[in-house]
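Colleague: quick one, fold the following:
(chains A, B and C)
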Amino acid sequence: MRRLTWRPAELVHSSAETATARTLRFRVPGWPGHLAGQHVDVRLTAEDGYTAQRSYSVAGPADGDLIELTVETVPDGEVSPYLTEDMRVGDQVEIRGPVGGWFVWRPADQSPVLLVGGGSGIVPLMAMIRARRQAGSRAPFRLLYSLRDPARRYYAGELRRPDPGLDVTYLYTRSAPEGAARPARRIGLDDLAEGGWPASFEPECYVCGPTGFVEAAADLLLALGHAPERIRTERFGPTGG
Amino acid sequence: MSIISRGFRGKRRDAGDRLPPGQYLVEDFPVLSAGPTPRVPLDRWEFAIDTEAEQTHRWSWEEFMALPAETPTVDIHCVTKWSKLDTTWEGVSLDVLFEDVETAAEYALVYSYGGYTTNLPLEDLLDGKAWIVHRFDGEELEPRHGGPARLIVPHLYFWKSAKWVRGIRLLNDDWPGFWETAGYHNYGDPWREQRYEGD
Amino acid sequence: MTEHLDGNALAGPLGELFTVDMTSATGRCASCGLTGPVASLRVYGPDPGLVARCPGCEEVVLRLVRGPGSAWLDLRGMVSLRLNVPD
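Modeller: Numbers count the residues shown, from 1 in each chain, chains lettered A, B, ... in the order given. Predicted coordinates for the structure are as follows:
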């Protein structure tokens, strides 16, 4: 293992995920591979040397030296609007990674897994779902995906397709689709009790999203008797953008 | 050699000659924090000056508000390279607070609610160079910008302008503060670009 | 308002300095004794520097400032650090 360094990365593909989010595929020569849940630091450099950097989760397993990030446009942000609006195929950034050895899922893990995502916190959880599928793992997965309204769903088509052993539940906070049994509201104890695993199954829990969401969901999991060492969290902070 | 991201400029505006080297202009007011924002109720707020002879001068919020106020308009320069021009504040000059303080100390350690500290030579706080302010841009100073009251020392990088200021300890020997013990320059003059230790 | 990140955000900056992942290491807070992964610390920053605080007592556990050609790392808030090291 070596010290991390910045590597040049070229945008090879970009596609809309929602009205405000795009999935970006970069070619990173010499990419060493990564674990599901790890993130990268992205650095932009202007012609006069000014730089700005942000962290983004990798959205799925690497395909050789190709990696995918899904980036939500933060209004008035500095880095995300460049990535999602200004950047064209062939343009370059620098990427450092992969980093983070805590919020990761390894295909050898056989325990049940509960994924709890808020908003763009779905991205590293999707990486785990994709890694599970790619590895042919039989670890049972449940995903609780909290988001404002149906138009904000990332990976909607892919999560609709049957994936044996994966259950997906959407928890809408502002407006639910017509006819939905659950009214739009914030994530609550019932959601985690019904859509998650009983604590006695000793699932590994992964919670990712904005700080307030992560703290609320982690507290609910503790209240349901999940052991603190089985609850792994990752927060998106105010410095996003 | 760095990789250039074509067309990337960041949220910067063009620099004028009022900017120290390496700085760029911002219109918003970035919030940088090293910890949770302290909430200080005004009935429990106090400001103190502790001298090297262990004499303490204290002001309650009411006493502080009764002091003669000034409304300085100054340029501020953050070590993270943003500058903001013509910011307007309201507060009390340190010259007023030091009027009855007897001291031969050369150094000051500024300390804040929440535990932050920063150090500077005492002379950099005097002669119209520093204020304890409680209003910004005509409004009450918000907690995230240092309210109820913060220090401003605009001729030094803005980390010296401690938010949530609680007091000033006068010392015969220099005592480096929070960022000064973690790689930042001990004095921090933006015009000499004293950002890091050794600059 | 919540205004912090968590220790996962230290992975890149510390990965520049160390060859093992520091965020999955277990540390002990020098102030209150709470033990947990570096990933669970409350992290403020990244500018002017990264400040990691104990989720139990909010004392500073770690500080990291990156300047041109140098990094300053302060670990005085941590009693010990248990690292996962491959044999």
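
Colleague: run through chain A and note the low-pLDDT ranges.
Modeller: Confidence mapping of chain A against pLDDT under 70 gives the ranges A:1-2, A:237-241.

Colleague: and it, which of its residues are near chain B?
Modeller: Contact residues (C-beta under 8 Å from any C-beta of the partner chain) of chain A with chain B: A:6, A:8, A:44-47, A:49-52, A:76, A:78, A:82, A:86-88, A:91-94. Quick note: C-beta positions are derived from backbone N, CA and C, even for glycine.

Colleague: which of the residues in stretch B:176-183 are buried?
Modeller: Of the residues in stretch B:176-183, B:177-183 count as buried by neighbour count, 16 or more other C-beta atoms under 10 Å in any protein chain shown.

Colleague: report the central residue of chain A.
Modeller: Centroid-nearest residue in chain A, with C-alpha atoms, centre = their mean: A:V123, separated by 1.7 Å.

Colleague: just chain B next, same as before
Modeller: Short answer for chain B (C-alpha atoms, centre = their mean): B:S161, at 0.5 Å.

Colleague: which residues of chain B fall in helices?
Modeller: B:61-65, B:94-97 (DSSP state H).

Colleague: mean neighbour count, distance to A:A180 and mean pLDDT added to these, as a markdown table?
Modeller: Putting the helices of chain B into a markdown table (neighbours: other C-beta atoms under 10 Å in any protein chain shown; distance: least, C-beta to C-beta, whole Å; pLDDT from 0 to 100) gives the following:
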| stretch | mean neighbour count | distance to A:A180 | mean pLDDT |
| --- | --- | --- | --- |
| helix B:61-65 | 15 | 52 | 98 |
| helix B:94-97 | 19 | 61 | 98 |
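
Colleague: doesn't B:V153 make contact with the residue nearest to the centre of chain B?
Modeller: Yes. The pair B:S161 / B:V153 is scored as a contact, 5.3 Å apart, by C-beta atoms under 8 Å.

Colleague: circling back: now the helices of chain B in CSV, with distance to B:C78?
Modeller: Below are the helices of chain B laid out as CSV (distance: least, C-beta to C-beta, whole Å):
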stretch, distance to B:C78
helix B:61-65, 26
helix B:94-97, 21
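
Colleague: quick check: longest strand in the chain by residues?
Modeller: Picked chain A for this. strand A:7-16 (DSSP state E).

Colleague: you looked at the wrong chain, it should be chain B
Modeller: Max-length strand for chain B by DSSP E is strand B:82-93.

Colleague: check chain C too.
Modeller: strand C:60-67.

Colleague: from C:T23, how far out is C:D87?
Modeller: Remark: distance between C:D87 and C:T23 (C-beta to C-beta, to the nearest Å) = 20 Å.

Colleague: what of C:G7?
Modeller: 5 Å.

Colleague: shared neighbours, the two?
Modeller: A:102, C:37-39 (C-beta atoms under 8 Å, 6 or more residues apart in numbering or on different chains).

Colleague: show me what B:V133 bridges to in the sheet.
Modeller: B:G91, B:R150 (DSSP bridges).

Colleague: who's in contact with it?
Modeller: B:V133 touches B:72, B:89-92, B:141, B:149-152, counting by C-beta under 8 Å, 6+ apart.

Colleague: possible to save those residues as CSV with neighbour count and pLDDT?
Modeller: Compiled in CSV, the contacts of B:V133 are given as follows (neighbours: other C-beta atoms under 10 Å in any protein chain shown; pLDDT from 0 to 100):
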residue, neighbour count, pLDDT
B:P72, 17, 97
B:W89, 23, 98
B:E90, 18, 98
B:G91, 25, 98
B:V92, 21, 98
B:L141, 21, 96
B:A149, 26, 98
B:R150, 22, 98
B:L151, 24, 98
B:I152, 25, 98
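
Colleague: mind picking the one among these that's closest to B:G114?
Modeller: B:R150 (11.7 Å; C-beta to C-beta).

Colleague: would you agree the closest one is in contact with B:W159?
Modeller: No. With contacts defined as C-beta under 8 Å, B:R150 does not count as touching B:W159, sitting 11.7 Å away.

Colleague: just to revisit the earlier point, selection in ChimeraX covering whichever of the residues of chain A next to chain B are buried, please.
Modeller: Buried residues among the residues of chain A next to chain B (16+ other C-beta under 10 Å), as a ChimeraX selection:
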select /A:6,44,45,46,52,78,82,87,91,92,93,94
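
Colleague: for chain C, just list every one of the helices.
Modeller: Going by DSSP H, chain C shows helices at C:11-15.

Colleague: residues of it that sit close to chain A?
Modeller: Residues of chain C lying near chain A (C-beta under 8 Å from any C-beta): C:2-9, C:11-12, C:15-21, C:23-24, C:37-40, C:43, C:45-46, C:84.

Colleague: among those residues, which ones are buried?
Modeller: Buried among these (16+ other C-beta under 10 Å): C:3-9, C:11-12, C:15-16, C:21, C:23-24, C:37-40, C:43, C:45-46.

Colleague: still on that earlier bit, so which of the shared contacts of C:G7 and C:T23 are in strands?
Modeller: Per DSSP E, the subset of these in strands is C:P37.

Colleague: farthest pair within the shared contacts of C:G7 and C:T23?
Modeller: Farthest pair in the shared contacts of C:G7 and C:T23 (C-beta to C-beta) is A:W102 and C:V38. Separation: 7.7 Å.

Colleague: that older thread, residues contacting the very next helix or strand once past the longest strand of chain A, please?
Modeller: Scanning forward in sequence from strand A:7-16 by DSSP states H and E, the next helix or strand is strand A:21-27. Contacts to strand A:21-27, defined as C-beta under 8 Å, 6+ apart, come from residues A:9-17, A:59, A:65-73, A:83-84, A:87, A:93, A:95, A:120, A:154.

Colleague: neighbours of the residue lying closest to C:G67 once chain neighbours are set aside, just the number please.
Modeller: Take C:G67 and drop its neighbours on the chain: the residue closest to it by C-beta to C-beta, 6 or more residues apart in numbering or on different chains is B:Y196, 4.0 Å away. Residues near B:Y196, counting by other C-beta atoms under 10 Å in any protein chain shown, number 18.

Colleague: and B:Y196, what pLDDT?
Modeller: Listed pLDDT for B:Y196 reads 97.

Colleague: same deal with B:P68?
Modeller: 97.

Colleague: tell me who's in contact with it.
Modeller: B:92, B:96.

Colleague: ok, how many other residues are close to residue 31?
Modeller: No chain in the question, so chain A it is. Going by other C-beta under 10 Å, the residues that sit close to A:W31 add up to 20.

Colleague: the chain in question should be chain C.
Modeller: 16.

Colleague: next, the nearest residue to it once chain neighbours are set aside: phi, psi?
Modeller: In space, and not counting its chain neighbours, C:S31 is closest to C:E59: 3.9 Å by C-beta to C-beta, 6+ apart. The phi/psi pair for C:E59 (degrees, to the nearest 10) reads phi -70, psi 160.

Colleague: residue contacts, A:G97?
Modeller: Per C-beta under 8 Å, 6+ apart, neighbours of A:G97: A:4, A:34, A:38-41, A:58, C:12, C:15.

Colleague: give me the residue from chain C nearest chain B.
Modeller: Across chain C, the shortest distance to chain B (C-beta to the nearest C-beta) belongs to C:W72, at 3.2 Å.

Colleague: from C:L50, how far out is that residue?
Modeller: From C:W72 to C:L50 the distance is 11 Å (C-beta to C-beta).

Colleague: neighbour-wise, which of the two wins?
Modeller: More crowded of C:W72 and C:L50, by other C-beta under 10 Å: C:L50, with 24 against 17.

Colleague: surely that one is in contact with C:V43?
Modeller: Yes. If you go by C-beta under 8 Å, C:L50 and C:V43 touch, sitting 6.0 Å apart.

Colleague: shared neighbours of those two, anything?
Modeller: C:9-10.

Colleague: quick revisit: now the contacts of B:V133 in CSV, with distance to B:L19?
Modeller: Converted to CSV, the contacts of B:V133 look like this (distance: C-beta to C-beta, whole Å):
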residue, distance to B:L19
B:P72, 19
B:W89, 20
B:E90, 25
B:G91, 25
B:V92, 28
B:L141, 25
B:A149, 28
B:R150, 23
B:L151, 22
B:I152, 18
